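Student: take this sequence and fold it.
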Amino acid sequence: VLAITVLGSGIAAVDATVVNIALPTIGRDFHTGVAALQWVANGYTLTLAGFLLIGGSLGDRFGRRRVYLIGVVWFALASVACGLAPSAVLLVAARILQGFGAALLTPGSLAILEASFVPDDRARAIGAWSGLGGLAIAAGPVLGGYLITAASWRWIFFINVPIAAAVVVLGARHVPESRDASVTGRLDYGGAVAAAVFLSGLTYAFIEAPTLGWLSPAVLMATLLAIGGLTALLVLERREAAPMLPLSIFRERQFTATNAVTFIVYAALTGATFLLPLVLQVVSGYSPLGSGLALLPLTAIMLTLSARSGRVATRIGPRLQLSIGPVVVGAGVAALAFTTAGSTYVIYTLPAIVILGLGLAITVAPLTATAMSSAPTQHSGIASAINNDVARVGGLLAVAVLPTLAGITGKAYLDPETLAAGFTTAVLISGGLCVAAGLLAAATITNPGPARRPAGAPAPEYRHCGLEAPPLTTGVSQAVTQGPR
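Tutor: Below you'll find the predicted structure:
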């Protein structure tokens, strides 16, 4: 069961990061501008973020194993479509379909673990799942870089197929089916659709406006769709008996502040790491494999230190780490500007990667723990899911907006000088945002009183790499289904 959940959730997590390594090659193959590359990255995130909350609910209602395996099959078929895509437009369409599959399987992996293991073994199983999942994320860019260099970028999608086949065969045989017998009422499909319409319209407007103009009919229509989707989402979530996104949870000041910090940090991180592989390959002359290996220390640092960081935050409270951590992240992101100065990795790139890794190790574990602990107990699962989703939405918007702010539009990413200048602007903007997030945390995050955690209770550990988003925690799908009480 552990292997099945690690492999299934691993292909979804890896695909969100490894595709960035392939973007320069994809752009050259399709002779396309940066807007298409933005859509290749954001198409996946868009549907994953829009339907992640509802995905857990489907598992509780119709069977966690069933929905998980459906998600794996869906993801595999969409991966084949990505690998066979003859144009950028069809690749983006296939990436959007991939996001739907990921939304079904991502919350299901932890729900299956919680349902399959007895309480005494559950903590060890989740710890192993988190650690092995982090190793998968670390290996993904390296494997992807090798496949791109040795064969074709299309193989980063085809490699998902045998893994998915193994998950389906083993899962059908070895994973026990489970569901929540107490589930009643209807699912909040309206909320999920409204969220997807809002995010789609907003993303389209920001990506296409630099080319088409803000007053073009297409951009104006997308903006109106975004406004309509957001309005519908707020209205529906207030009226639903069991909303996908209970708005009352944001009345907790600490929870809202934590998610604001999450949004800013992950927007800055995702925007910078979207552009970094382009810079390493186009400006510094790295191969796809080399650019994948360049990020390996970042993952290693986070996997090594995140559990320790979580224990420190439990002892002293999260305020200090959430104030300092984003500032360190900002310093690391800003230091990536030196990447454009030369091709020597140890001198120009590694120091920034190390600083960035240390900052994220300081930040991610207490960020997740605070998001959960600051919400009412009955909402702990939905608090984790919202925190994870907020990070993805932040990244979605950053990938849409940051290249434009940095002057990287059209096919400018193919010109080393223009890309280098734009990347410097982008990472300085991202670094400044992270510093602002640290200041926001210092002003709004408070440490819990001594009664918040019972004496002798084990400190939570979060070993998940956290490059794409903070870790989802157990109980996500159950809390989403049951809604507010």
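Student: can you give the domain ranges for this protein?
Tutor: Each domain of the chain is listed here as a residue range: 1-179, 189-243, 245-447, per the TED database.
Student: any idea how far apart the tips of the longest one sit?
Tutor: This points to domain 245-447. End-to-end distance of domain 245-447: 26 Å, with C-alpha to C-alpha, to the nearest Å as the criterion.
Student: pLDDT on that domain, on average?
Tutor: Mean pLDDT, taken over the full extent of domain 245-447, equals 91.
Student: and if you look at stretch 178-191?
Tutor: Across stretch 178-191, pLDDT averages out at 77.
Student: list the contacts of it.
Tutor: Contacts of stretch 178-191 with the rest of the structure, by C-beta atoms under 8 Å, 6 or more residues apart in numbering, involve 53-54, 57-65, 111-112, 115-116, 232-233, 236-237, 240-245, 478, 481-482. (C-beta placed from N, C-alpha, C; glycine too.)
Student: same check on stretch 69-81?
Tutor: Residues external to stretch 69-81 that are found in contact with it (C-beta under 8 Å, 6+ apart): 8, 11-12, 15, 55, 90, 93-95, 97-98, 100-106, 108, 157-158, 160-161, 164-165, 167-168, 171-172.
Student: any chance of a ChimeraX selection covering the buried ones in these?
Tutor: Those of the contacts of stretch 69-81 that count as buried under 16 or more other C-beta atoms under 10 Å are selected in ChimeraX with:
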select :8,11,12,15,55,93,94,95,97,98,100,101,102,103,104,105,106,108,157,158,160,161,164,167,168,171
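Student: thinking again about what came up before, could you dump the domains of the chain to TSV with distance to Pro471?
Tutor: Conversion of the domains of the chain to TSV gives the following (distance: least, C-beta to C-beta, whole Å):
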stretch	distance to Pro471
domain 1-179	7
domain 189-243	21
domain 245-447	6
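Student: quick revisit: now, which of the contacts of stretch 178-191 lie within strands?
Tutor: Where these are compared with strands, as defined by DSSP state E, there is no overlap at all.
Student: are any of those buried, and which?
Tutor: So, by 16+ other C-beta under 10 Å, the buried ones in these are 53-54, 57-61, 63-65, 111-112, 115-116, 232-233, 236-237, 240, 242-245, 478, 481-482.
Student: tell me the secondary structure at Leu298.
Tutor: Local secondary structure at Leu298 is given as helix here, using DSSP: H, G, I helix; E, B strand; the rest coil.
Student: what's the local residue count around it?
Tutor: By the measure other C-beta atoms under 10 Å, the count of residues near Leu298 is 25.
Student: also Arg238?
Tutor: By the measure other C-beta under 10 Å, the count of residues near Arg238 is 11.
Student: can you check Arg28 too?
Tutor: A count of nearby residues for Arg28, using other C-beta under 10 Å, gives 14.
Student: now the nearest residue to Thr368 once chain neighbours are set aside: phi and psi?
Tutor: Nearest residue to Thr368, sequence neighbours excluded (C-beta to C-beta, 6 or more residues apart in numbering): Pro470, at 4.4 Å. With angles defined as degrees, to the nearest 10, Pro470 sits at phi -60, psi 160.
Student: ok, Ala232 to Phe198 distance?
Tutor: In this structure, Ala232 and Phe198 are 8 Å apart, going by C-beta to C-beta, to the nearest Å.
Student: what do you get for Ser287?
Tutor: When C-beta to C-beta is applied, the distance between Ser287 and Phe198 equals 39 Å.
Student: check Leu472 too.
Tutor: For Leu472, the distance to Phe198 under the criterion C-beta to C-beta works out to 22 Å.
Student: what's the answer for Leu276, then?
Tutor: In this view, Leu276 and Phe198 are 28 Å apart by C-beta to C-beta.
Student: give me phi/psi at Gly83?
Tutor: Dihedral angles of Gly83 (phi, psi; degrees, to the nearest 10) stand at phi -70, psi -30.
Student: for it, give me the pLDDT.
Tutor: Per-residue confidence (pLDDT) for Gly83: 96.
Student: looks like it contacts Trp155 (just checking).
Tutor: Yes: Gly83 lies in contact with Trp155 (C-beta atoms under 8 Å); the separation is 7.2 Å.
Student: helix, strand, or coil at Glu468?
Tutor: Here Glu468 is coil, with the state taken from three-state DSSP.
Student: quick check: phi and psi on it?
Tutor: Listed backbone geometry of Glu468 is phi -90, psi -40, with angles given as degrees, to the nearest 10.
Student: helix or strand: which one has the closest residue to it other than its chain neighbours?
Tutor: For Glu468, ignoring the flanking residues on the chain, the nearest one in space by C-beta to C-beta, 6+ apart is Ala16 at 4.8 Å. Following DSSP states H and E, the helix or strand that holds Ala16 is helix 2-30.
Student: name the residues of that helix that come out as buried.
Tutor: Of all the residues in helix 2-30, those buried under the rule 16+ other C-beta under 10 Å are 2, 4-27, 30.
Student: other SSEs contacting that helix?
Tutor: Helix 2-30 is packed against helix 34-62, helix 64-84, helix 88-116, helix 119-150, helix 155-158, helix 160-174, helix 253-278, helix 288-294, with contacts defined by 3 or more C-beta pairs under 8 Å, 6 or more residues apart in numbering; DSSP states H and E.
Student: redo those as JSON lines? Include distance to Ala226.
Tutor: Output for these, formatted as JSON lines (distance: least, C-beta to C-beta, whole Å):
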{"stretch": "helix 34-62", "distance to Ala226": "12"}
{"stretch": "helix 64-84", "distance to Ala226": "25"}
{"stretch": "helix 88-116", "distance to Ala226": "17"}
{"stretch": "helix 119-150", "distance to Ala226": "31"}
{"stretch": "helix 155-158", "distance to Ala226": "29"}
{"stretch": "helix 160-174", "distance to Ala226": "31"}
{"stretch": "helix 253-278", "distance to Ala226": "17"}
{"stretch": "helix 288-294", "distance to Ala226": "33"}
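Student: which among these is found nearest to Gly310?
Tutor: Closest to Gly310 of the helices and strands packed on helix 2-30 is helix 119-150 (C-beta to C-beta; 11.0 Å).
Student: what angle sits between the closest one and helix 88-116?
Tutor: Between the axes of helix 119-150 and helix 88-116, defined by axes from the mean of the first three to the mean of the last three C-alpha atoms, to 10 degrees, the angle is 160 degrees.
Student: show me the shaky parts of the stretch 101-250 of the chain.
Tutor: 182-185 (pLDDT under 70).
Student: which is the next helix or strand following the helix or strand in which Thr404 is found?
Tutor: Following DSSP H and E, one finds Thr404 within helix 380-405. Scanning forward in sequence from helix 380-405 by DSSP H and E, the next helix or strand is helix 416-444.
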